[in-house]
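>>> Sequence isn't available, so here's the structure alone:
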């Protein structure tokens, strides 16, 4: 083997501090097992990317990293799209021929081990239910779920502000739907004008989008009790990090929803965790599987928030890892924040694939040992190009790497085992029962009902005053619906007539008052002129004081 390659690998990956071993470097098909490709535990909060075509081993790499992090005492969050990550809770199969061959080629002693796992679910079908309140989800994330454009999202932000200003908690989707219906009604039109001139049509668009989301069953994902992200940071009594697995197989057809929910969890971590700087090991590692779904259709404002969160959450002890097919799936501003890279094979079957391959190759450090673009297409399953940040923050040499097999089961856990673990979890008690406390729905419907009752009472009193027959004045509940409608219209006309008459009377009274005021002023001026002629006398001074004292209330 080339001595220069051996020296570079030894210098780049020969660490003396705690690290996660992920495989051995290779050159031209020959393995260098005396050097292990590894990443310092202290650098795992510098974020990362696991990329590669379908079937190249991305999920198994995620499983390997999650298991090693757990053994090092680091809690982990992973999303399980297809249900095959559940096996991380059980020991691997030491009799599996592929595992035996891989371990032998790497001169690695395979020790099967399961890891502590907490299963979570957006629907509650495969784990403790994860919910969020509409308020904490916020307009940006909710706008992405609803498929709104930037203008519509800005209108949704004004709706949230209105609810904040009027103490209307938005906990679930019916709270938001009730608010939108109210604002779109005649009673809500003055409010729309006060909040930036929103139109009824704009609110109607939001309401229709919300109805579609409700029809898809998404109302089950919003409400209380809200998931506490601190529950992602737990360890076992013996110090192992608990792996929180979010099961998504039953919501695979709602990619925008589940990807945005994961972003909400990350945002909650950012908001709640204190600044800790660089730690010997992360407080949490967060894996975004199918990361391209997070960025597809995201507004500019949301992309800015994602980039900001990725940039700043590192100092709170959280490492974020995006798992996707190609690095080009991730915006360049976010990709620049990812210091640890594991690139599985890419295939170039189309011109677009070839273009993505060239762009991917240019994102890696320059190496003298192999052609990056050619190597990416020739990697086998469970092999990857690896470069990570060394403890001093410098990227390690690019290494074509054969990865270790995960020590946990590389298959789905039986459904009965998953169900038993979920039932035994304390989360089933904590998050199992829905809470529906007073919120915008109850407050708005209550206020409307009170206003309607007050109007009905006022109409009844007005009917009595204006001489409507007692049977009618006694209440409209004795009438047919058509009679009720005619009676309401008649009372409205009479009240309008009475109001116009009252306005005319007030106007006449004001005219009389102005005339009286002019007459008094004329008399005062006459008196002043008269008084001026005798002001030098004591009697004249007393008269002047008396006149102004009467006009201005002074003595």
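That came through fine. It should be emphasised that the depicted structure is a prediction, and the values quoted were computed from it without experimental measurement. Residues are numbered from 1 along each chain as shown.

>>> rest of the way, CA atoms for contacts and neighbours
Will do.

>>> which residues in the stretch 251-400 of the chain form strands?
In the stretch 251-400 of the chain, the segments counted as strands under DSSP state E, counting those that start in this stretch are 284-288, 318-324, 340-343, 383-387, 399-403.

>>> Nearest to residue 306, out of those?
For residue 306, the closest of the strands of the stretch 251-400 of the chain is strand 318-324, at 11.2 Å, according to C-alpha to C-alpha.

>>> Which one of the strands of the stretch 251-400 of the chain lies nearest to residue 26?
Going by C-alpha to C-alpha, the one of the strands of the stretch 251-400 of the chain nearest residue 26 is strand 399-403, 5.6 Å.

>>> Counting by contacts, list what whichever helix or strand comes after that closest one packs against.
Once strand 399-403 ends, the next helix or strand along the chain (criterion: DSSP states H and E) is helix 415-424. Contacts defined by 3 or more C-alpha pairs under 8 Å, 6 or more residues apart in numbering; DSSP states H and E place helix 415-424 against strand 117-121.

>>> Neighbouring strands - and their directions - for the strand it packs on?
Strand 117-121 pairs in its sheet with strand 128-129 (parallel), strand 243-247 (parallel), by DSSP bridges.

>>> Considering the ones you listed, which stretch scores lowest in mean pLDDT?
Looking at the strands paired with strand 117-121, the lowest mean pLDDT belongs to strand 128-129 (a mean of 92).

>>> what's downstream of that one, the next helix or strand?
Next helix or strand after strand 128-129 toward the C-terminus (DSSP H and E): helix 134-146.

>>> for residue 135, what are its contacts?
Taking C-alpha atoms under 8 Å, 6 or more residues apart in numbering, we find residue 135 in contact with 160, 169-171.

>>> Repeat that for residue 150.
Contact analysis of residue 150 by C-alpha under 8 Å, 6+ apart lists residue 299.

>>> same thing but 10 Å
140, 143-144, 156, 298-302 (C-alpha atoms under 10 Å, 6 or more residues apart in numbering).

>>> Residue 125 now?
Contact analysis of residue 125 by C-alpha under 10 Å, 6+ apart lists 247-250, 419, 422.

>>> which one among the contacts of residue 150 gets closest to residue 192?
residue 156 (11.9 Å).

>>> The closest one: what's it in contact with?
Listed by C-alpha under 10 Å, 6+ apart, the contact partners of residue 156 are 138-140, 142-143, 148, 150, 162, 176, 180, 198, 202-203, 206.

>>> distance of it from residue 70?
As judged by C-alpha to C-alpha, to the nearest Å, residue 156 and residue 70 stand 40 Å apart.

>>> by how many degrees do the longest strand anywhere in the chain and strand 399-403 diverge?
Looking across the chain with DSSP state E, the single longest strand is strand 19-27. On the basis of axes from the mean of the first three to the mean of the last three C-alpha atoms, to 10 degrees, strand 19-27 is oriented at 110 degrees to strand 399-403.

>>> Output the contacting helices and strands for the helix or strand following strand 19-27.
Using DSSP H and E, the helix or strand that follows strand 19-27 in sequence is strand 30-31. Packing contacts for strand 30-31, counted by 3 or more C-alpha pairs under 10 Å, 6 or more residues apart in numbering; DSSP states H and E, involve strand 19-27, strand 399-403.

>>> which of those strands sits most buried?
strand 399-403 (a mean of 27; mean count of other C-alpha atoms under 10 Å).
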